[in-house]
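Trainee: Predicted coordinates and the sequence they were generated for:
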Amino acid sequence: MAKKVYTCKTCGALAEEPGHLCNANMDPMTCAFCGEKAPHTKHYCKGKLEDIKYVCSKCGRLATSEELLCEPSKVPAK
């Protein structure tokens, strides 16, 4: 399972534990791509899994385009 992420309401810093922030926001994060509220750093956007074409060889994140990843490589064909 992906790690939970907390954001600081004051400066926007991210941390895996709320105690590491001066003003932790305990609300679930909102995905910038699909708008779904998710309590973890990563989730699969509904209806987008079939559009996944790339995977980051550094962190394993999946994406629909290369520019969304730091070290993109093509997802192997089925």
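Mentor: Now that the structure is in, tell me what you want to look at.
Trainee: can you give me phi and psi for L68?
Mentor: phi -90, psi 0 (degrees, to the nearest 10).
Trainee: who touches it in this structure?
Mentor: Y54, R61 (C-beta atoms under 8 Å, 6 or more residues apart in numbering). For glycine as for every other residue, the C-beta is placed from the backbone atoms N, C-alpha and C.
Trainee: If we use 10 Å, what do you get?
Mentor: F33, Y54, C56, R61, L62 (C-beta atoms under 10 Å, 6 or more residues apart in numbering).
Trainee: Check K9 too.
Mentor: Taking C-beta under 10 Å, 6+ apart as the test, what K9 contacts is L21, C22, N23, A24, N25, M26, D27.
Trainee: Select only the buried ones of those residues in PyMOL?
Mentor: To isolate the buried ones among the contacts of K9 in PyMOL, judged by 16 or more other C-beta atoms under 10 Å, type:
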select buried, resi 21+24
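Trainee: Among the contacts of K9, name the ones in strands.
Mentor: A24, N25 (DSSP state E).
Trainee: For the contacts of K9, work out which two are farthest apart.
Mentor: For these, the farthest-apart pair by C-beta to C-beta is C22 and D27; their separation is 16.5 Å.
Trainee: The nearest residue in space to D27 that is not next to it in sequence: neighbouring residues, count only.
Mentor: Closest residue to D27 apart from its sequence neighbours, by C-beta to C-beta, 6 or more residues apart in numbering: K37 at 7.8 Å. For K37, the neighbour count with other C-beta atoms under 10 Å is 10.
Trainee: same deal with T30?
Mentor: For T30, using other C-beta under 10 Å, the count is 11.
Trainee: That one against V5, yeah?
Mentor: No: counting by C-beta atoms under 10 Å, T30 stays clear of V5, with 11.8 Å between them.
Trainee: Mark out where each domain of the protein begins and ends.
Mentor: Per the record, the chain has its domains at 1-44, 47-78, by automatic domain parsing.
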